[in-house]
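Undergrad: Quick one, structure for this:
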Amino acid sequence: MSKRRFAAVAAAAAIVTSVAPATALATPALPGPLAGFSSIFGNSNPDNKSRGCHVDWRSSATKTRTDSGVTNTIDGGVTPRRGDNGATEMQLWGDFSKPFWRTIVATDGDIRNYKLEVKLPAGYAYTSEVFAADSTWFGIDGANNLTKWPKALGPDSLTVTTSTDTRTATVKVKSGTLEGLHRFVIYFTGTPDGSTVPDSITATAKSTGLFVDCGGNGSSAS
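TA: Numbers count the residues shown, from 1 in each chain. Predicted coordinates for the structure are as follows:
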């Protein structure tokens, strides 16, 4: 690349970064000569750890026991409100006697070899259930977001593998690809196993795979 062309590209890159709003949490696909800078820009949402075309979306949620009761907190995740073009978010409700955890997943673009791994806190035995394909609930970013991802996957389209202690669940799409505009929900119910449970417990979720059509920065180009 000539010095003149490199200077022009660098200047354009500076403009892109200077006009990005403070609330933008993920860098969009870079067009034309800026595409090569995507590995530098990456994603600024700390829970979107995707690089190149490799998807790495993470979320966690924490249940805390205090003198005044129980606090349920979503620590972070990947959602459109955070600047992402897909979703992986760990949600929770209930108290320590019967905790509920829910993972919601969606994508704008096709993800090949998709896998979701959920890790649940010790002290409980867990059962899991996938929402039916005709479910009319998909709560994320403060809304029932069915129109953005109108196609749902139910239990017949997924495989759920659970560890012996029931604390780790692995979810895969039977076809191998989580197609664009698709979503699914899986939730977990905990039953105390008699062991001591600390005053703060956390569950995590991680989506991985490979975007079929991507902008080179871990975001789908669709």
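Undergrad: Next, the residue positioned nearest the centre of the chain: phi, psi?
TA: In the chain, the centroid-proximal residue (C-alpha atoms, centre = their mean) is Thr88; its distance is 2.0 Å. Here the main-chain torsion angles of Thr88 (degrees, to the nearest 10) amount to phi -150, psi 110.
Undergrad: partner residues bridging it?
TA: The residues listed as beta-bridge partners of Thr88 by DSSP bridges are Val78, Val105.
Undergrad: surely it meets Gly77?
TA: Yes: assessed by C-beta atoms under 8 Å, Thr88 is found in contact with Gly77 at 6.0 Å. Where you see a C-beta, it was placed from the backbone N, CA and C, and this is true even at glycine.
Undergrad: Between those two, which contacts overlap?
TA: Trp57, Arg58, Ser59, Ala205 (C-beta atoms under 8 Å, 6 or more residues apart in numbering).
Undergrad: just to confirm, which helix or strand has the third one in it?
TA: Right, the one you point to is Ser59. Ser59 is part of strand 54-66, with elements assigned from DSSP states H and E.
Undergrad: In terms of secondary structure, what does that strand contact?
TA: strand 69-78, strand 86-93, strand 200-211 (3 or more C-beta pairs under 8 Å, 6 or more residues apart in numbering; DSSP states H and E).
Undergrad: Just the buried positions in that strand, please.
TA: The neighbour-count criterion (16 or more other C-beta atoms under 10 Å) identifies Val55, Asp56, Trp57, Arg58, Ser59, Ser60, Ala61, Thr62, Lys63 as the buried residues of strand 54-66.
Undergrad: Near Ser195, how many other residues are there?
TA: Counted with other C-beta atoms under 10 Å, the neighbours of Ser195 add up to 8.
Undergrad: try Gly190
TA: 25.
Undergrad: That one pairs with what?
TA: With DSSP bridges applied, Gly190 shows beta-bridge pairing to Tyr126.
Undergrad: contacting residues around the residue nearest to the centre of the chain?
TA: Contacts of Thr88 were listed using C-beta under 8 Å, 6+ apart, and they are Trp57, Arg58, Ser59, Gly77, Val78, Thr103, Ile104, Val105, Leu116, Ala205, Lys206, Ser207.
Undergrad: Wait, the last one touches Ala106, no?
TA: No: counting by C-beta under 8 Å, Ala106 is not a contact partner of Ser207; they are 9.8 Å apart.
Undergrad: what is in contact with those two at once?
TA: By C-beta under 8 Å, 6+ apart, Ser207 and Ala106 have these common neighbours: Gly86.
Undergrad: Just give me the closest of the buried residues of strand 54-66 to Phe96.
TA: Proximity to Phe96 was ranked across those by C-beta to C-beta; first place goes to Lys63, at 6.9 Å.
Undergrad: confidence score at that closest one?
TA: Note on Lys63: pLDDT of 98.
Undergrad: That one is in contact with Pro99, isn't it?
TA: Yes: counting by C-beta under 8 Å, Lys63 does reach Pro99; the two are 6.0 Å apart.
Undergrad: And Asp108, how far from Trp57?
TA: Note on Asp108: its distance to Trp57, by C-beta to C-beta, to the nearest Å, is 12 Å.
Undergrad: Mutual contacts of the two, please.
TA: If you check Asp108 and Trp57 against C-beta under 8 Å, 6+ apart, the residues they both contact are Gly86.
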